[in-house]
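Visitor: Need a 3D model of the following:
(chains A and B)
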Amino acid sequence: MTALETQVDSAAEAPAGRLGGGFLPYLAGKVGGALISLGMVILLGFFAFRLLPGDPVAKIARERPMSADQIAQLRHEYGLDKPFLAQFWDYIVNVFTGNFGTSYVYKMPVSDLIAQYFWPTILLTGTSAVLAIVLGLWLGQKSAWARGSWFDKIASGSSLVLWSVPTFWLALLLLMLFGGILHWFPTGGMVTANLAPWSGAWLISIVAHLVLPVITLTAVVYAQYLMVMRASLLEEMSADYLTTARAKGLTEDEVRTKHAVPNALLPTVTIVFMHIGGLIAGAVTVEAVFSWPGLGKLTFEAIHGPDLPLLQGTFVVFSAIIIVMNLIADLVYRQLDPRIRRA
Amino acid sequence: MADLVFDDVSITYSTRSARGDIRAVKDVSLDIPAGGTLGIAGESGSGKSTLIMAPLRLLPDSATVTGRVLLGGEDVADLSFGQMRALRWDAASIVFQGALHSLNPVRTVAWQIMEALSHHTAKSWQTPEARRARMLDLLASVDLAPEHAKAYPHELSGGQKQRVMIAMALACEPDIIIADEPTTALDVIVQEQVLALLTARVAEAGISLVMISHDLSVLAQVCQRIAVMKDGEVIELGSAQQIATAAHHPYTRALADAFPTIGDPASRMRPARRSAAAAAAEPVEPAKPANPAGEGTAAAAKPAASAPEAPTDPVPDAPSRPAPEAPDAAAPDYASAPVLLEAQGLSVTFSARGRRVSAVDDVDFTVREGEIMALVGQSGSGKTTLARTLLGIQEPDRGTRVTFRGEPIPTRGRALKAFRREVQLVLQDPSGSLNPRLSVYEAVAEGLRIHGMDDEARRVAEALEAAELRPAQDFFESIPQELSGGQRQRVVIAGALALGPRLLVADEPVASLDASVRGEILGLFLDLRARLGLSALIITHDLGLAWNIADTVAVMHSGRIVEKGTVDDVLLHPQHDYTKRLIAAAPSLRPLPEGAATGAEAGGGTGHGPAARGSHAAPARDGR
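Guide: Numbering: from 1, shown residues only, chains lettered A, B, ... in the order given. Now for the predicted structure:
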């Protein structure tokens, strides 16, 4: 053996290149990137909504008789009479002090409004996201493994049909059928009035209100997860290491769950988190249809205004959620893939 | 101990396409007695990989096996799936091309080896602790440190991954190991180590070995008997010695000739063509290019400037090489030709996260007009970085001077574009370097359009003809998928030739091609030099390639050129230890004529290649 060992010198075999570094530099880099994205969003939040058609003051003035002085007064209150750059400066200063201004419509601080509507949205989208991810990934890997089978055809086909259905249409259909005709579930809101918070009846009421919006939201998005998982696993299925695993005497189920799926999950994770943005877009429609008191409904109403401070606020919050999700995707991916974690 | 017997085995793939069923293996009968070693040689598509998947029933569902495959006397077709699973890895295990993707990228080495152990528990490894201990023993037996147990596949080099594969194959004490191209993607020195290791372990444990390779010289080192497969049939079966040196079938001889023996004058400047008939059909005989009588000084000028002390015969101890017939005597007179490309103090340093890695370190060399230079080195030696720098793709460090026809290589703008017309690149894998959706005409014309050259149709036709795709018009509308590997590489070369370059930089131009095509492409380089005076810088890990066609050779190691000079000087009289090691590690089929095998002396043996030298390999040979 000694002859062999001496032959193995470092020059004969260059070890595989080590990229990347420790966790902290990686984290710092990703968080820095997220902060830059957030900065861009804050800038965009100011300019995008000033380009929207419609003058909020004129809109308010149309609804009730106002004198020219009153209109000027209103403009002054909203800071709309200041030069553009001064408005921008005020906006920046306010954003960094957590002050998004006062809603034109609700006449209360935007930050308070968002705080109030934030958790219902998290409840709705979070539940839907978990359901859609579990359902999509499970069906996706089953479909890929039995490619071309009836299971595959039915699972992929029905998911694509649901994905193609307009969200509002499906929401209205479910609302009419299960709320209006069958009276199985409430048709709107989040909780029946006059129930003591955190009582059993209160919790049941919330779940009952949650069912239809969650079904709608899950149904329209899970196809993306199914398709990504299916494609990703199909790609892995021809990989040589699966032949190695079979040659070792593993059953097909073991080959799938221990070897193929962990590898197929890697590209899926990134896309799963990125698609959470799509979930939030769906939430705006679903919350509007089911009168769910969340940020989506708030946004819907703010566009009607146009309620500039409220729009800016919800826009920044939604964007921040998506940026945070992408950040989590990067961190999770690093944990899942040893080639990035330790490479 | 179990025998493996193939009894009149045919394997057919059913396809839905118009081609109908494909008979991948036809009526093959082979037997491997317990403890025996059999090599199966063949090119891609010969059915050799399909055949060895049959004993463990690892073929896809579309494959139908007829005839009998007997493993330890039992027909594997009669086993239930559960019985088959129990047999897998326990009776026979497989070593795949581990350098590629045969290990799961997200599992550690320890996990993957212990998985095999836990599926086939024997008395000695029933507990997890015992399995862990056995796993560490296995790693030690393939010369891997215990730390490697925690490693993921990407953290290992190609040779280390192959060692892990071997350790895993040995895990459950199988009767038979099936090795499918186990060293194909490895460098020569690593290949030698892995082969020695595999043969040693197999001989120690009395395991039978079935090894598949496209490279006869590798099989000749390891196996007692060799079967040669072509188009699904075994066309020749014999002892390794007989197949390597006295093959009956012309195809076997062609396979054997494809990889030259360094120092063998018969293959110098004469890469093996597919067949004599094919060579005769070539309008230009590349081995002896038409050379005007006025250039009669060529023979005398053959020794390069770097070897002035050897004025007439650069190989004094190779009397079997008659000077008048030496084909390279007719090579263009490159030694006194003007310098085309010159590098002085060329260094490339990469800096990654504060660390500076020197990829190319203070390299000097010249390529003259009409010179074919081989840049030889292992992966990681910096040879590809060097080539990228010469093409102006990679920026060298300050203080580096690279000139083309005496002018510094331009770095931007119109001058760079003009420079790139003169220096063209040919990459390793023609399937990857051709756009699958472009026709041959479009692929060749693309460069012409980028450089705004007129008379497109004529230039494309000329380039294809020059690359020996004749008649060119027949290939215009073909897409890469319809062409063979050799034809694809010719299209790549035609694409380079269309621009009228002076220098071709080729990065492993034949490494992904079948043995029989290899000689054709190498011959093309000689041919182009003879007809167009083209220079070539060929980057390769293959010393045989340098022996086949190069005038000069530079050996690169850890970013430095450790030795350079004429092919005769460097390959027959290597000075640097690293060159000696490279030459010693190169597998060879047959002993050289007495005295010509100077290179092999470096190994301290008789020059039959590593198997004959390494004591581990001896049992495999003696057992015959």
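
Visitor: Only C-alpha atoms from now on, for both contacts and neighbour counts.
Guide: Noted.

Visitor: Who are the contact partners of the residue in the stretch 101-250 of chain B positioned nearest to chain A?
Guide: Using C-alpha to the nearest C-alpha, the single residue of the stretch 101-250 of chain B nearest to chain A is B:Ser102, 4.1 Å away. With contact taken as C-alpha atoms under 8 Å, 6 or more residues apart in numbering or on different chains, B:Ser102 is in contact with A:Ala239, A:Asp240, A:Tyr241, A:Leu242, A:Thr243, A:Thr244, B:Phe96.

Visitor: go with 10 Å
Guide: Each residue near B:Ser102 by C-alpha atoms under 10 Å, 6 or more residues apart in numbering or on different chains is listed here: A:239-245, B:95-96, B:153, B:161-162, B:165.

Visitor: Quick check on it: phi, psi?
Guide: Backbone geometry at B:Ser102, expressed as degrees, to the nearest 10, gives phi -80, psi -10.

Visitor: Distance of it relative to B:Asp180?
Guide: Using C-alpha to C-alpha, to the nearest Å, one gets 11 Å for the distance from B:Ser102 to B:Asp180.

Visitor: okay, and the common contacts of these two?
Guide: B:Val95, B:Phe96.

Visitor: one step back: which of the contacts of B:Ser102 are buried?
Guide: A:239-245, B:95-96, B:153, B:161-162, B:165 (16 or more other C-alpha atoms under 10 Å in any protein chain shown).

Visitor: and the residues you listed as TSV, adding pLDDT?
Guide: As requested, the buried ones among the contacts of B:Ser102 are exported to TSV (pLDDT from 0 to 100):
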residue	pLDDT
A:Ala239	84
A:Asp240	85
A:Tyr241	89
A:Leu242	91
A:Thr243	88
A:Thr244	90
A:Ala245	91
B:Val95	90
B:Phe96	84
B:Pro153	88
B:Lys161	88
B:Gln162	88
B:Met165	90
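
Visitor: Need the pLDDT of the residue in the stretch 301-450 of chain B that chain A sits nearest to.
Guide: Closest to chain A within the stretch 301-450 of chain B is B:Gly380: 6.1 Å, counting by C-alpha to the nearest C-alpha. The predicted local distance difference test score for B:Gly380 is 77.

Visitor: Ok, B:Glu468 next?
Guide: As predicted, B:Glu468 sits at a pLDDT of 82.

Visitor: swap in B:Ala145?
Guide: pLDDT, B:Ala145: 89.

Visitor: Ok, the one 5 residues further on next?
Guide: The predicted local distance difference test score for B:Lys150 is 90.

Visitor: residues near it, how many?
Guide: A total of 13 residues lie near B:Lys150 under the criterion other C-alpha atoms under 10 Å in any protein chain shown.

Visitor: Specify the beta-bridge partners of the residue lying closest to B:Glu563 once chain neighbours are set aside.
Guide: Counting by C-alpha to C-alpha, 6 or more residues apart in numbering or on different chains, B:Val555 is the residue found nearest to B:Glu563 once chain neighbours are left out, at 5.3 Å. The bridge-partner assignment for B:Val555, based on DSSP bridges, gives B:Val376, B:Glu563.

Visitor: so where is the stretch 351-500 of chain B shaky, pLDDT-wise?
Guide: Per-residue confidence for the stretch 351-500 of chain B (pLDDT under 70) gives these ranges: B:352-354.
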